[in-house]
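Peer 1: Fold the following.
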Amino acid sequence: MASTRAGGEGDRVPADAPLLSDLMPWSAAPLRLGRSWVLAPDAASLTARWDRLVRAEGAEHEALFGPTRARTPQSAVPGLPGQVAGTGQVPGTGQAGGTGQVAGTGHVAGTGRFVRESGRCPEPLRVLHGPFDEQWLIPDHRLIDAARPELWRVAGAPQVFAVEQGYVPGAGGPALLVSALLPDGAPTAGRPGRIRPLYRRPGGLEPNVTPGLTALLGARHGREVAPEEVLAWAVAVAVPSPRGPVVPLAADPGVWSAGVELGRLMTAIQLRGAHGGVRHRLPGGRRPYVRATVPDRPGSLAYDPAEEVLSLGTGRVAPVPAGAWDFMVGGVRILELWFERRAALPEGTEPGTLAAIRPPGWRREWTSELLDLITVLALLAELEPRRQQLLTAGLLTGPTLTRDELHTTGVLPAPPAARRPASVLDHHEEGPDGQLALI
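Peer 2: Residues are numbered from 1 along each chain as shown. Here you go, the predicted model:
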């Protein structure tokens, strides 16, 4: 399958190649929501769930909320950066300050104990749920077990999040993906990886690159190497391993430039025009279109490789390149997973719960999102031969920078401070029950 990556890729790179954690030292664990009902493929379901919850009382309110050890309706927690009036960046939008709202018209989260909440739902926030799946989240810290505020604090233009994918032995799929939206880091399979922002501070300040690395690379390649090139290179060549993505570093200037160019293109495709970038599209005649309207309840998903037709019940989308249909992450076909999350209730969802509040049928915007997803996967699949050529011809036969050399030159180990989030002493954030928090 052109779009998948060989499960044995890690065996074909130098054994002494550095890990992504050596190059981008600061990372955060994936978000842990704690309750499934705070996330949905559509924003309307989230506001309906919120309204149902705040109308409930007593034991019903407690049961609908879904208490955990980390969060109950009585929990006192600070607000999320950028999601309380007057603070910070709006994750994934590049909008700074103001009200902290996503669209500028909706409500924002409070910091009083949720048991006393009676207001409107905070404006749902667009996030990346696992690989390639853009969904909506209620951005309220009182509802999320582990929201990773350090990620929310640095979100917004020009931030790019590098998201490690879960390692599954022998499974095809990329080791590293990127997102302009705040990612939750949910894996398709295997143990979830880490989330590594490109910048440690809002506004694209203080790159999350090991000190001294770009200077060493610049000396080897005879030109200045920007921190953004390190991420682009990693996107192009990262291979999976049980310890996290392995990123062999080319010592040949020509190989490095080719990899950076490829990684920049792969990154731009995944960012889908965010931060003022170009939204890449398939050439005319190869773009997918709706040939028959998707019904309210499509029921099943099928693919005809001979006709390049994707069928959603009686709905038909074509042409759909085989590379898009075959694209897998962690051994899981992305188009099937995306469809399953919209076509039916998740397995185990009980009637009467908040998670059971969903659209009555297929939403029109989901069809548009599907066409966009097909395009992204098809474009990435087309680049896979170039990526394989770079790995085999460029990195197996050419010189590389090893972990030992990074240690010898003093680049490694990264200083402990580089592995911790940057402090933001001049930034006011709201603590529990409206108190001032100074981070």
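
Peer 1: what about Thr397, neighbour count?
Peer 2: 9 (other CB atoms under 10 Å). In this view, the C-beta of every residue, glycine as well, is placed from N, C-alpha and C.

Peer 1: residues in contact with the nearest residue to Arg201 once chain neighbours are set aside?
Peer 2: Using CB to CB, 6 or more residues apart in numbering and skipping residues adjacent in sequence, the residue nearest Arg201 is Ala422, 5.3 Å away. Under the criterion of CB atoms under 8 Å, 6 or more residues apart in numbering, the contact list for Ala422 reads Arg200, Arg201, Glu206.

Peer 1: In its sheet, which strands sit next to the helix or strand where the first one lies, and in what direction?
Peer 2: Under DSSP states H and E, the secondary-structure element containing Arg200 is strand 199-201. Here the strand partners of strand 199-201, with direction, are listed using DSSP bridges: strand 205-207 (antiparallel).

Peer 1: which helices and strands does the helix or strand just after the partner strand pack with?
Peer 2: On the C-terminal side of strand 205-207, the closest following helix or strand by DSSP H and E is helix 213-221. For helix 213-221, the packing partners by 3 or more CB pairs under 8 Å, 6 or more residues apart in numbering; DSSP states H and E come out as helix 227-237, helix 253-271, strand 400-401.

Peer 1: Could you list the residues in contact with the helix or strand following the last one?
Peer 2: Looking back up the chat, that one is strand 400-401. Later in the chain than strand 400-401, the nearest helix or strand by DSSP H and E is helix 403-408. By CB under 8 Å, 6+ apart, the residues outside helix 403-408 that reach it are Asp16, Ala17, Pro18, Asp22, Leu213, Leu216, Leu412, Pro413.

Peer 1: Only whichever of these are buried, select them in ChimeraX.
Peer 2: Listed next is the ChimeraX selection for buried residues among the contacts of helix 403-408, using 16 or more other CB atoms under 10 Å:
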select :17,18,22,213,216,412
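
Peer 1: Low-confidence ranges, the protein, go.
Peer 2: For the chain, the stretches flagged by pLDDT under 70 are 1-12, 84-106, 424-431, 433-439.

Peer 1: follow-up on the earlier one: show me which parts of the strand holding Arg200 are buried, residue by residue.
Peer 2: Buried positions in strand 199-201, judged by neighbour count with 16+ other CB under 10 Å: Tyr199, Arg200, Arg201.

Peer 1: one step back: who wins for proximity to Ala109 among the helices and strands packed on helix 213-221?
Peer 2: Nearest of those to Ala109, taken as CB to CB: helix 253-271 at 26.5 Å.

Peer 1: Which other helices and strands does the helix or strand just after that closest one contact?
Peer 2: Following helix 253-271 in sequence order, the next helix or strand is strand 289-292 (DSSP H and E). Packing partners of strand 289-292 (3+ CB pairs under 8 Å, 6+ apart): strand 315-318, helix 364-389.

Peer 1: how distant is the helix or strand following the first one from the center of its chain?
Peer 2: Scanning the chain past strand 315-318 towards its C-terminal end, the next helix or strand to appear is helix 322-326 (assignment: DSSP H and E). Averaging C-alpha coordinates over helix 322-326 and over its chain gives two centres that are 21 Å apart (CA atoms, centre = their mean, to the nearest Å).

Peer 1: How about the contacts made by His275?
Peer 2: Taking CB under 8 Å, 6+ apart, we find His275 in contact with Gly94, Ala157, Pro158, Val160, Ala180.

Peer 1: Mind putting those into TSV with distance to Gly190, neighbour count and secondary structure?
Peer 2: Shown next, in TSV, are these (distance: CB to CB, whole Å; neighbours: other CB atoms under 10 Å; DSSP: H, G, I helix; E, B strand; the rest coil):
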residue	distance to Gly190	neighbour count	secondary structure
Gly94	32	17	coil
Ala157	31	19	coil
Pro158	30	15	coil
Val160	23	22	coil
Ala180	24	25	coil
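
Peer 1: can I get the residues you listed in a markdown table with distance to Gly330?
Peer 2: What follows is the contacts of His275, written out as a markdown table (distance: CB to CB, whole Å):
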| residue | distance to Gly330 |
| --- | --- |
| Gly94 | 30 |
| Ala157 | 29 |
| Pro158 | 28 |
| Val160 | 21 |
| Ala180 | 22 |
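
Peer 1: And the furthest pair within those?
Peer 2: Across those, the longest distance by CB to CB is 11.6 Å; it joins Gly94 and Val160.

Peer 1: which phi and psi does Pro18 have?
Peer 2: Here is the backbone geometry of Pro18 (degrees, to the nearest 10): phi -70, psi 160.

Peer 1: if you skip the residues just before and after it, what's nearest to it?
Peer 2: Arg403 (4.9 Å).

Peer 1: And that neighbour, how far from Pro211?
Peer 2: 16 Å (CB to CB, to the nearest Å).

Peer 1: neighbour count winner among these two?
Peer 2: Under the neighbour definition other CB under 10 Å, Arg403 and Pro211 were set side by side, and Arg403 has more, 17 against 14.

Peer 1: So which residues of the stretch 1-150 of the chain form helices?
Peer 2: 20-23, 43-55, 58-65, 149-154 (DSSP state H, counting those that start in this stretch).

Peer 1: Of those, which stretch is the most buried?
Peer 2: Comparing the helices of the stretch 1-150 of the chain by mean neighbour count (mean count of other CB atoms under 10 Å), helix 149-154 comes out on top with a mean of 25.

Peer 1: what's downstream of it, the next helix or strand?
Peer 2: Reading on from helix 149-154 to the C-terminus, the next helix or strand found by DSSP H and E is strand 161-164.

Peer 1: which ones are touching His129?
Peer 2: By CB under 8 Å, 6+ apart, the contact set of His129 is Leu39, Gln135, Asp184, Ala186, Arg341.

Peer 1: check contacts around Val168.
Peer 2: Gly7, Ala189, Gly190, Pro240, Gly330, Gly331.

Peer 1: same thing with Ala232?
Peer 2: For Ala232, the contact set (CB under 8 Å, 6+ apart) comprises Gly259, Val260, Glu261, Gly263, Arg264, Met266, Thr267.

Peer 1: Closest one of these to Leu377?
Peer 2: Nearest to Leu377 out of these is Met266 (CB to CB; 12.0 Å).

Peer 1: quick one: the closest one and Ala236 touch, right?
Peer 2: Yes - assessed by CB atoms under 8 Å, Met266 is found in contact with Ala236 at 6.2 Å.

Peer 1: residues shared between the contacts of those two?
Peer 2: Common neighbours of Met266 and Ala236 (CB under 8 Å, 6+ apart) are Arg387.

Peer 1: Would you map the strands across the stretch 51-200 of the chain?
Peer 2: Ranges of strands within the stretch 51-200 of the chain are 125-128, 134-137, 161-164, 176-179, 195-197, 199-201, based on DSSP state E, counting those that start in this stretch.
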